[in-house]
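**Student:** starting from these lines, generate the structure:
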Amino acid sequence: METGTSVKVQIYTMQTVSEALAAVDAGVDYLGVTPSNRGLPGEISFGTAREIVDALKGKAQRVALSVESDLGLIADMVGSVRPDVLHLCGDIRLVTPEHVRQLRERLLPLYPGLQILQAIPMTGPEALDHAAAFEPYADSFILDSVAAHIDGIGAAGVTHDWSLSREIVKRSKLPVILAGGLGPDNVQAAIAAVQPWAVDSLTHTNKPLPDGGFRKDIDKIAAFVKAAKVN
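**Tutor:** Next up is the predicted model:
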């Protein structure tokens, strides 16, 4: 992942090409898609995800997440969607550092330049050990909150202990993305407390729909970007 002085912004989750292009216009650096059939928030088909990824070529970095524990299923998704960044946010008891090592060996010869973004569940001090264990096999970290009713790490919509996140930033040599309950109203405070390389938002840049789903709120995204990059 690129490094630089300005804080990067990653936004999940794009469900249409037009939504993704509007997010680019709002100043987003990394755009996430959720190719899945598990009932995850904002999930889309592999085909739709590929359309979004293709439309964003040269405009933003394309990120695709997986909560799967089967390495073959993860590889199939990468082959179908072809993201720049594979965001692993499955159960770390099932997708261990050794599994990530195997996945790198499997995928990088096929997709040179593919980056692996490893999610670290910020459930307590043990997160420091988890980050240290995954560091040799990841290209970057995303420090995220966990919700019992949602598969994988993330989409919880709540913050976690930023002092733990700050400690991982200090210890790790990898770029670190801070996630978990971030929105336009608290992202400046989060950046000041943690000093991450990038910040991520899902829940608090959404526009809820009557059916229980959501679309992205482009005004909230623009406000999030403005607040994040003012630091």
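
**Student:** from here on, just use CA atoms for contacts and neighbour counts.
**Tutor:** Fine.

**Student:** show me the shaky parts of the chain.
**Tutor:** Scanning the chain for pLDDT under 70 picks out the ranges 1-5, 147-160, 231.

**Student:** that one: helices as residue ranges?
**Tutor:** All helices of the chain, identified by DSSP state H, fall at 17-25, 46-55, 71-81, 97-107, 126-134, 162-171, 187-194, 218-229.

**Student:** out of those, which comes closest to Gln61?
**Tutor:** helix 46-55 (8.8 Å; Cα to Cα).

**Student:** now tabulate the helices of the chain in JSON lines and tack on distance to Val146 and mean neighbour count.
**Tutor:** Shown next, in JSON lines, are the helices of the chain (distance: least, Cα to Cα, whole Å; neighbours: other Cα atoms under 10 Å):
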{"stretch": "helix 17-25", "distance to Val146": "25", "mean neighbour count": "19"}
{"stretch": "helix 46-55", "distance to Val146": "24", "mean neighbour count": "20"}
{"stretch": "helix 71-81", "distance to Val146": "21", "mean neighbour count": "17"}
{"stretch": "helix 97-107", "distance to Val146": "19", "mean neighbour count": "16"}
{"stretch": "helix 126-134", "distance to Val146": "12", "mean neighbour count": "17"}
{"stretch": "helix 162-171", "distance to Val146": "14", "mean neighbour count": "18"}
{"stretch": "helix 187-194", "distance to Val146": "17", "mean neighbour count": "18"}
{"stretch": "helix 218-229", "distance to Val146": "22", "mean neighbour count": "20"}
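
**Student:** with distance to Ala179 added, can I get those in TSV?
**Tutor:** Below are those laid out as TSV (distance: least, Cα to Cα, whole Å):
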stretch	distance to Ala179
helix 17-25	18
helix 46-55	22
helix 71-81	22
helix 97-107	21
helix 126-134	14
helix 162-171	10
helix 187-194	9
helix 218-229	13
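
**Student:** Ser36 is nearest to which of those helices?
**Tutor:** Closest among the helices of the chain, using Cα to Cα: helix 46-55, at 7.2 Å.

**Student:** on that earlier part again, for Asn206, find the nearest of the helices of the chain.
**Tutor:** helix 218-229 (7.7 Å).

**Student:** still on that earlier bit, out of the helices of the chain, nearest to His204?
**Tutor:** helix 218-229 (7.9 Å).

**Student:** which residues does the closest one contact?
**Tutor:** Contacts with helix 218-229, where a contact means Cα atoms under 8 Å, 6 or more residues apart in numbering, come from 6-9, 11, 22-23, 26-28, 183-185, 187-188, 191, 199, 204-206.
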